[in-house]
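Student: Dropping the sequence and predicted coords here.
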Amino acid sequence: MRGLAGKLVIATHNAGKLKEIGALLAPYGVDCISAGALGLPEPAETGKTFIDNALIKARAAAQGSGLPALADDSGLCVGALGGRPGVYTADWAERQWFEGPPGRDWYLAMGKVEGLLAQQGPDVERSAHFACVLALAWPDGESAVYEGRVSGHLTWPPRGTLGFGYDPVFVAEGHEVTFAELDPAEKHRISHRADAFAKLVAAQFGR
Ligand code: IMP
């Protein structure tokens, strides 16, 4: 097992993600810096699985920086849709030319999922999970992946204003409110990201 103490590149250009991951790893003596701050290019996410895409991002950042790197990839998987949208979760929010100005619309994305479920009839099975894969890569080619998930079901219409993405239609197992209605601290405690991070911390820091 490799030590992770010292500098770790977070393979993201998103300042919010860097802050969140940096805070999670700070107690373990890890000093996070983003791929964006190092001027590293963002590789194309051409993988067919969350693991492929997380590894593509982590390996590119490790090779480009000469430092260990961490990347994540996440999305929503719907049972009755064969796991879709999966790695295309963000793409489903991308507006088409006839749907308005370029950009992402999460209500459009939730509507696409619901429309496909509705085609299967009123008794369609509504289970779904959010998945998160964290990939660590070292400049010599070694890597490790940690998979997290939170299971639940989809509800319609959307409810709540907290959170982001598909949160207004996702109800986690054991809860009645959607992720967009849930206290953010509780969401962060039970989320797919929390699950993946717990596995990374257990493996890398033995806690
Ligand atoms: P990425 O891993 O940053 O590419 O994110 C993939 C997409 O999955 C995001 O754009 C969100 O729409 C969706 N997603 C990931 N995690 C969550 C979550 O906790 N709540 C709602 N949507 C999420």
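Tutor: Nice, thanks for sending it over. Numbers count the residues shown, from 1 in each chain.

Student: Give me the contacts around stretch 153-168.
Tutor: The contact list for stretch 153-168 (Cβ atoms under 8 Å, 6 or more residues apart in numbering) reads 76, 78, 89-90, 93, 106-107, 109-110, 113-114, 117, 126-128, 130, 169-171, 173, 177-182, 184, 187. Any C-beta I mention is one placed from the backbone N, CA and C, and that applies to glycine too.

Student: I'd like to know how far the closest residue to the ligand within the chain sits from Arg104.
Tutor: Closest approach between the chain and the ligand, counting by Cβ to the nearest ligand atom: Gly165, at 2.5 Å. Separation of Gly165 from Arg104 (Cβ to Cβ, to the nearest Å) stands at 9 Å.

Student: Identify the contacts common to the two.
Tutor: Shared contacts of Gly165 and Arg104, defined by Cβ under 8 Å, 6+ apart, are found at 90, 93.

Student: Tell me which of the two has more neighbours.
Tutor: Using other Cβ atoms under 10 Å, the more surrounded residue of Gly165 and Arg104 is Gly165, with 20 against 13.

Student: element containing the more buried one?
Tutor: Per DSSP states H and E: Gly165 is located in neither a helix nor a strand.

Student: change the start of the numbering to 9 and stick with it
Tutor: OK, 9 is where the count begins now, so the last one is Gly173.
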